[in-house]
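**Student:** Mind folding the following:
(2 chains)
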There are 2 protein chains.
Amino acid sequence: MTTTAFQDLYPDSSSHCYGCGRLNQAGLQIKSYWDGDESICIYQPKEYQTAIPGYVYGGLIASLIDCHSTGTAAAVAFKEAGAVSGTEGDFRFLTGSLHIDYLKPTPINGVLTVRAYASEVKGRKIVIKSTLYAGDIACANGEVVAVQVSKTFIDELVSQAHILD
Amino acid sequence: MTTTAFQDLYPDSSSHCYGCGRLNQAGLQIKSYWDGDESICIYQPKEYQTAIPGYVYGGLIASLIDCHSTGTAAAVAFKEAGAVSGTEGDFRFLTGSLHIDYLKPTPINGVLTVRAYASEVKGRKIVIKSTLYAGDIACANGEVVAVQVSKTFIDELVSQAHILD
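**Tutor:** I've put the predicted structure just below:
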């Protein structure tokens, strides 16, 4: 498993996400790494992130799969471009679509692991498939279509927003 | 628009959800109502629930669509059963699958509205389609397959969990 999270290589301007931004102190601080050919995200749910007592609520599962998948897409693009590991890259992905099949109720009392891989790389679109595990039990499958956007696109969006960071 | 939220009619044992449980003080407290034949959820995002500065993170959108859709499924089942409005019913739905198409970046500086309806009611499964708006702008489309479960099923799950409420 690699030691620097994908999200810790995002430039500051892409590091405010509630799910995975290192600059969002109120956020979930989701972190993703390579583990061989797969990417991996490990997360300890908090007691209040519950659906029914003892089980994780589905929105947290959606957030983990979403941020881990866009992070994986960025890492895949980074790798395919032959960029040097450890340097900041301009590899920004937004979520085009998110699909989750909830297979089993997900226990809240242990760490959750999401494992993901790119099933398709086609121009600006990367499809990321994933499975979320509680221990060895597969609790949800995810599929995210991540779409690469330019720094200019992000900068223009942010400049159009009325609330600026 | 009706005045009592669907979620405020859930029995206590189903009111701990981080997304929509009235007993989860740390949670989002998502509320759903009837507005004619559609259901409606209105939510003011918080400044820290950001993706990039000025825009809502996708996990919040997933949470709003998820909880509003399972709430709508419960309300549809309640109505179809001819149950009396204002009484607690045993209409509990879990999310079988969640699909979201993100159409546009969603501004964070105003209220978000989710409108939903049942596109299919088939035995224990209800399919809920929805659109999330920022002002008049449709920013995301959702589809949730909600599955009805019994009180016994929920009680057994909770009793099997190691963390009990």
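**Student:** Now stretch A:40-51: buried residues?
**Tutor:** Of the residues in stretch A:40-51, A:Ile40, A:Cys41, A:Ile42, A:Tyr43, A:Pro45, A:Gln49, A:Thr50, A:Ala51 count as buried by neighbour count, 16 or more other CB atoms under 10 Å in any protein chain shown. For every residue, glycine as well, the C-beta is placed using N, CA and C.
**Student:** brain fart, stretch A:118-126
**Tutor:** For stretch A:118-126, burial by neighbour count (16+ other CB under 10 Å) applies to A:Ala118, A:Ile126.
**Student:** How about stretch A:140-160?
**Tutor:** Of the residues in stretch A:140-160, those buried (16+ other CB under 10 Å) are A:140-149, A:154, A:157-158.
**Student:** Export these as a markdown table, with columns for pLDDT, distance to B:Asp136 and secondary structure.
**Tutor:** As requested, these are arranged in a markdown table below (pLDDT from 0 to 100; distance: CB to CB, whole Å; DSSP: H, G, I helix; E, B strand; the rest coil):
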| residue | pLDDT | distance to B:Asp136 | secondary structure |
| --- | --- | --- | --- |
| A:Ala140 | 98 | 34 | strand |
| A:Asn141 | 98 | 35 | strand |
| A:Gly142 | 98 | 31 | strand |
| A:Glu143 | 98 | 30 | strand |
| A:Val144 | 98 | 28 | strand |
| A:Val145 | 98 | 26 | strand |
| A:Ala146 | 98 | 28 | strand |
| A:Val147 | 97 | 24 | strand |
| A:Gln148 | 95 | 29 | strand |
| A:Val149 | 93 | 24 | strand |
| A:Ile154 | 89 | 24 | helix |
| A:Leu157 | 90 | 19 | helix |
| A:Val158 | 90 | 22 | helix |
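**Student:** Please list which of the residues you listed are also close to chain B.
**Tutor:** Among these, the residues lying close to chain B (CB under 8 Å from any CB of the partner chain) are A:Ile154, A:Leu157, A:Val158.
**Student:** re the thing from before, what's the closest of the buried residues of stretch A:140-160 to B:Arg92?
**Tutor:** A:Ala140 (19.2 Å; CB to CB).
**Student:** If the closest one is in a bridge, with which residues?
**Tutor:** Beta-bridge partners of A:Ala140, counted by DSSP bridges, are A:Tyr102, A:Leu132.
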